[in-house]
Structure formats: C-alpha cells, structure tokens
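In: model this:
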Amino acid sequence: PRSPPGGEDRARAAAAPKAKAPPPSAHVLIAKQLPAAATETATTEAFTPFGAVAGVRLVAHPTTGDCLGVGYVYMADETGWARALAARTVAVAGGRATVESGVVGRAAPPAPVAAAPP
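Out: Numbers count the residues shown, from 1 in each chain. Here you go, the predicted model:
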C-alpha cells in the first residue's frame, strides 16, 4: 500500500536521531536572521569570542536540514551572555545575525557608569 502524502517525510523525521536537550541555563540568547548555511559549529565559533558557549540549537528544515534563520545560544556564564547581547549582531556563516535575550523579561545588565572626574 502507498503511504499518505507526506508520510515518507514523517517516517524519515521519526527515524532521525533526536536532538540533544539544551543545557539548563539562564544565559540564553536568540540569534535571528541566521543564514541557511549556518551550522551549530559555525554558530558556536561565532559566539565563542564573547565567552564560553554551553550549547547551540538551530531551527532547521526537517528535510533539507537548512537553518530556518533562528537559533538558541546557551552561554556558560553571565559575562559571556552580556557581552554577546551588547554586540547586538554577530557574523555567522557569511551572514549577520541579530542577538536578543532568550529569557523573558531579562535584558542585558546596565553598563557600569563611569565616575565623574573630581
């Protein structure tokens, strides 16, 4: 018997290895406008200059595997999270991604205020 339309894609997706769970972190960033060629490795390398990256998850097309333009970057600590967030854009795989906080109601910590000269 023939499978229903789209049945082969669903079967292929069900047989694909399950993605690892993201690391628990309060230091989550959302990367938007990622190019289709973005990979977890390229995204990790792009965010590493800001601090240690605990993990990356990209939203990908189920059949082609191309990045759909959105990813989650889990920074290992507050400092790296704040540095990446302050950058606002990051070069990834030949494109530029915008960076936002992935924690609802949480923005970057305020920049330190320089003391006025005496």
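In: For the protein, which segments count as helices?
Out: Assigned by DSSP state H, the chain shows helices spanning 7-15, 40-47, 78-87.
In: Tell me which residues of stretch 45-57 come out buried.
Out: Ala46, Phe47, Phe50, Gly51, Val53, Ala54, Gly55, Val56, Arg57 (16 or more other Cβ atoms under 10 Å). Heads up, the C-betas are built off the backbone N, CA and C, glycines and all.
In: wait, isn't Asp90 in contact with Gly71?
Out: Small correction: residue 90 is Val, not Asp. No - when contacts are counted by Cβ atoms under 8 Å, Val90 is not listed as touching Gly71 (10.6 Å).
In: re earlier: what's the closest of the buried residues of stretch 45-57 to Thr79?
Out: Relative to Thr79, the closest of the buried residues of stretch 45-57 is Gly51; by Cβ to Cβ it sits at 5.7 Å.
In: neighbours around Gly95, how many?
Out: The local packing count at Gly95 equals 18, with neighbours defined by other Cβ atoms under 10 Å.
In: Now do the contacts for it.
Out: With contact set as Cβ atoms under 8 Å, 6 or more residues apart in numbering, Gly95 has these partners: Gln33, Leu34, Pro35, Ala37, Ala38.
In: Need the pLDDT of the first one.
Out: Think Gln33. For Gln33, the model assigns a pLDDT of 96.
In: for the fourth one, same thing?
Out: We note a pLDDT of 94 for Ala37 in this prediction.
In: My guess is it contacts Cys67. True?
Out: Yes - using Cβ under 8 Å, Ala37 makes contact with Cys67 at a distance of 7.1 Å.
In: Comparing the two, which residue is more hemmed in?
Out: Neighbours were counted for Ala37 and for Cys67 using other Cβ under 10 Å; Cys67 has more, 25 against 12.
In: For that one, give the beta-bridge partners.
Out: Residues in a beta bridge with Cys67, per DSSP bridges, are Ala60.
In: residues in contact with it?
Out: Cys67 sits next to Leu34, Pro35, Ala36, Ala37, Ala38, Thr39, Leu58, Val59, Ala60 when contact means Cβ under 8 Å, 6+ apart.
In: With that, I have no additional questions.
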